[in-house]
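Trainee: need a structure here:
(one chain, ligands or ions: 2)
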Amino acid sequence: MAKKRKLPEMLGKQISFCPGCGHGVVVRLIAECIEELGQTNNVIWNIGVGCYSLASIGINADKFDSLHGKASATSTAFKKLNPDTLIISYQGDGDAYNIGIGESISTAYRNENITVITVNNTNYGMTGGQMSATTLPGQMTTTSPKGRDCATTGMPIKFPELVATQFPNAAYVARGSVTSPANVNKLKKYIKNAFEAQLNNEGYSLVEVLSPCPTNWGMTPLQSHDRVDNEIMTYYPLGEFKKREVK
Ligand SMILES: Cc1ncc(C[n+]2csc(CCOP(=O)(O)OP(=O)(O)O)c2C)c(N)n1
Ligand code: SF4
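Mentor: Numbers count the residues shown, from 1 in each chain. Ligands and ions are numbered 1, 2, ... in the order given. Prediction:
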């Protein structure tokens with residue numbers, strides 16, 4: 001029998017994203033994990049700038065709205081000042097891998113004991129679907145109307161793979177997706193692993209989430225989920241790239 005999921009208490013006010021968008025699922029999973037780990041009164045949600053900034057309105061817990069791209073840096077500061085508090089940096093691909101790439105790399109490189117959740121929808125959703133660092137080769141966006149030309153713009157960044165291979169002290173690195181119940185359940189495990197690693201002082205943890213943006217992709221919700229499964233996942237494979245050493 002299907003298990004009924006109780007709405008986490010910290011998600012007070014109802015917020016809504018476009019139909020088919022993955023942000024709502026990710027926010028919900030994070031809240032469920034916080035609650036199940038007993039951290040409701042011991043968390044700071046640090047939220048970057050993008051469509052997900054809206055989540056801040058609905059979250060009934062300590063939270064902060066960072067400037068665009070700076071969430072990993074401000075999360076680092078929060079952690080230094082509150083070493084026993086669960087610090088979550090919620091960012092998008094544009095926020096973490098374009099404007100905030102310096103902060104993202106520096107935070108991972110220093111192995112800061114925070115958790116970064118990056119929702120990768122292969123564009124700047126909030127501002128109208130411009131090309132980001134994760135836009136796929138040939139993908140049409142408002143700023144790559146003929147399709148992304150990798151000869152002039154570089155190849156899409158694989159940040160989890162970069163962290164897992166170049167920063168071996170990182171505690172936990174994974175990539176999940178929201179496109180099926182099985183993937184959502186796996187993603188929840190990844191998020192919980194990341195939080196547990198932080199609470200256990202193991203170091204930097206990162207979970208990237210492949211997420212549909214039907215509005216800017218010009219697709220129906222179902223088409224956008226198919227695109228994640230059939231196209232985006234071939235470039236961005238799912239899985240755990242760095243498993244926790246201590247359990
Ligand atoms: C310093 C600065 N530059 C640009 C912007 C405009 N801006 C707001 S959201 C955004 C892109 C967000 O993209 P992403 O992080 O991928 O999130 P999404 O909306 O796709 O979930 C940009 C460029 C800004 N708010 N601040
Ligand atoms: S524009 Fe895209 S990322 Fe933003 S809420 Fe809509 S579907 Fe989600």
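
Trainee: contact partners for G92?
Mentor: G92 makes contact with G48, G50, C51, Y52, T118, V119, N120, N121, Y124, G125, M126, according to CB atoms under 8 Å, 6 or more residues apart in numbering. All C-beta spots, glycine's among them, are computed from the backbone N, C-alpha and C.

Trainee: pick the one among those residues closest to Q223.
Mentor: N121 (14.1 Å; CB to CB).

Trainee: apart from its neighbours in sequence, what residue is nearest that closest one?
Mentor: C213 (3.9 Å; CB to CB, 6 or more residues apart in numbering).

Trainee: count the neighbours of the one you found for me.
Mentor: Other residues near C213 number 28, with proximity taken as other CB atoms under 10 Å.

Trainee: I'd say it and T127 touch.
Mentor: No - using CB atoms under 8 Å, C213 is not in contact with T127, being 11.8 Å away.

Trainee: and stretch 92-111, average pLDDT?
Mentor: Across stretch 92-111, pLDDT averages out at 98.

Trainee: which bits of the protein sit near ligand 2?
Mentor: Neighbours of ligand 2 within the chain, by CB under 6 Å from any ligand atom: F17, C18, C21, H23, C51, N121, G125, M126, C213, P214, T215, N216.

Trainee: quick one: the first one is in a strand?
Mentor: Same thing as F17. No - according to DSSP: H, G, I helix; E, B strand; the rest coil, F17 belongs to no strand; its state is coil.

Trainee: state the distance from it to N121.
Mentor: For F17, the distance to N121 equals 11 Å [CB to CB, to the nearest Å].

Trainee: of these two, who's got more company?
Mentor: Of the pair F17 and N121, N121 is the one with more neighbours under other CB under 10 Å, namely 30 against 20.

Trainee: what is the least confident helix or strand in the protein?
Mentor: Lowest on mean pLDDT, DSSP states H and E among the helices and strands of the chain sits helix 55-58, with a mean of 91.

Trainee: buried residues, the next helix or strand after that one. List them.
Mentor: Sequence-wise, the next helix or strand downstream of helix 55-58 (DSSP states H and E) is strand 63-65. Neighbour counts over strand 63-65 (16 or more other CB atoms under 10 Å) mark K63 as buried.

Trainee: with stretch 23-32 instead?
Mentor: For stretch 23-32, by 16+ other CB under 10 Å, it's H23, G24, V25, V26, V27, R28, L29, I30, A31, E32.

Trainee: do stretch 83-92 as well
Mentor: So for stretch 83-92, counting by 16+ other CB under 10 Å, buried means T85, L86, I87, I88, S89, Y90, Q91, G92.

Trainee: can that stretch be said to contact ligand 1?
Mentor: Yes - using CB under 6 Å from any ligand atom, stretch 83-92 comes into contact with ligand 1 via G92.
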